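# predicted model and sequence follow; I will ask about them next.
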Amino acid sequence: MSRYLGPRKKIMRALGTALPGLGRHDLGEQDYPPGQHGARRHPERLSGFGRQLREKQKIRFNYGLTERQLRRVVKEARRHQGSTGQLILELLERRLDNLVFRAGFAPTIPAARQLVCHGKIRLNGRKATIPSMRLKQGDQFGPTDKARILPVVQGSLLDPALALPEWLSLDPASNQATLRHSPGQDCAPFPVDLQLVVEYYATRL
């Protein structure tokens, strides 16, 4: 399954949740599903599978993953001890493209992914071009000298989509961020039931 490139607010309305990683859209009065009869639908009537699918799709679209990529993350989380749901979230939050977004260098995760792919981000002093790279405690990253003056970077730093999480630190002078420690519980910037995500993949992997 390819990466989604369609209307972003439409996806958020379908899932009933604003996804900051996908786009800066406030559902506002349009907090109902899209379509001619969206305002008259009853999301509480979703089946068990429907609720599981909705929670899984929140994660997939917010972090900009294909279904195959998300399955690999779930498989990796299941191989480790601990809460599978929390491990899934921790692995995703430690991706380079997500951290560039959470540090305020990009307005969305797709924009952060583009910066990384174009060689505009340095990781521990070296150019990084793989958005899915997973950082560890103590790693430092930030835009290159030329990338600092890009309007998308400057605009995002002036008006970040999210507040800086406590597990990240940012040096305003050098525009370098540091992963202080692994993200803990409740690190998702949107409401999600991780147990339903685990249940969705329980019979599919």
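Ah, there it is.
# find the residue at the geometric middle of the protein.
Central residue check for the chain by C-alpha atoms, centre = their mean: the C-alpha nearest the mean position is that of Tyr63, 3.2 Å away.
# is that one in contact with Arg95, as I believe?
Yes: in terms of C-beta atoms under 8 Å, Tyr63 counts as a neighbour of Arg95; the distance is 7.1 Å. Backbone N, C-alpha and C define where each C-beta goes, glycine included.
# do a quick rundown of the helices in this protein.
In the chain, helices defined by DSSP state H lie at 8-15, 48-62, 67-78, 84-93, 96-102, 109-117, 151-158, 194-202, listed in chain order.
# pull the first one out as PDB, backbone CA atoms only.
Read it as helix 8-15. Output in PDB follows, covering the C-alpha atoms of helix 8-15 (Å, rounded to 0.1, in the frame of the first residue of the first chain):
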ATOM      1  CA  ARG A   8      -5.500  15.500   4.900                       C
ATOM      2  CA  LYS A   9      -8.500  17.100   6.600                       C
ATOM      3  CA  LYS A  10     -10.700  14.500   5.000                       C
ATOM      4  CA  ILE A  11      -8.800  11.700   6.800                       C
ATOM      5  CA  MET A  12      -8.900  13.500  10.100                       C
ATOM      6  CA  ARG A  13     -12.700  14.000   9.800                       C
ATOM      7  CA  ALA A  14     -13.100  10.300   8.900                       C
ATOM      8  CA  LEU A  15     -11.100   9.300  12.000                       C
END
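# could I get the pLDDT score of the spatially closest residue to Arg122 that is not a sequence neighbour?
In space, Arg122 comes closest to Thr144 once its chain neighbours are excluded; the distance is 5.6 Å by C-beta to C-beta, 6 or more residues apart in numbering. pLDDT recorded at Thr144 is 96.
# having no further points to raise, I will conclude here.
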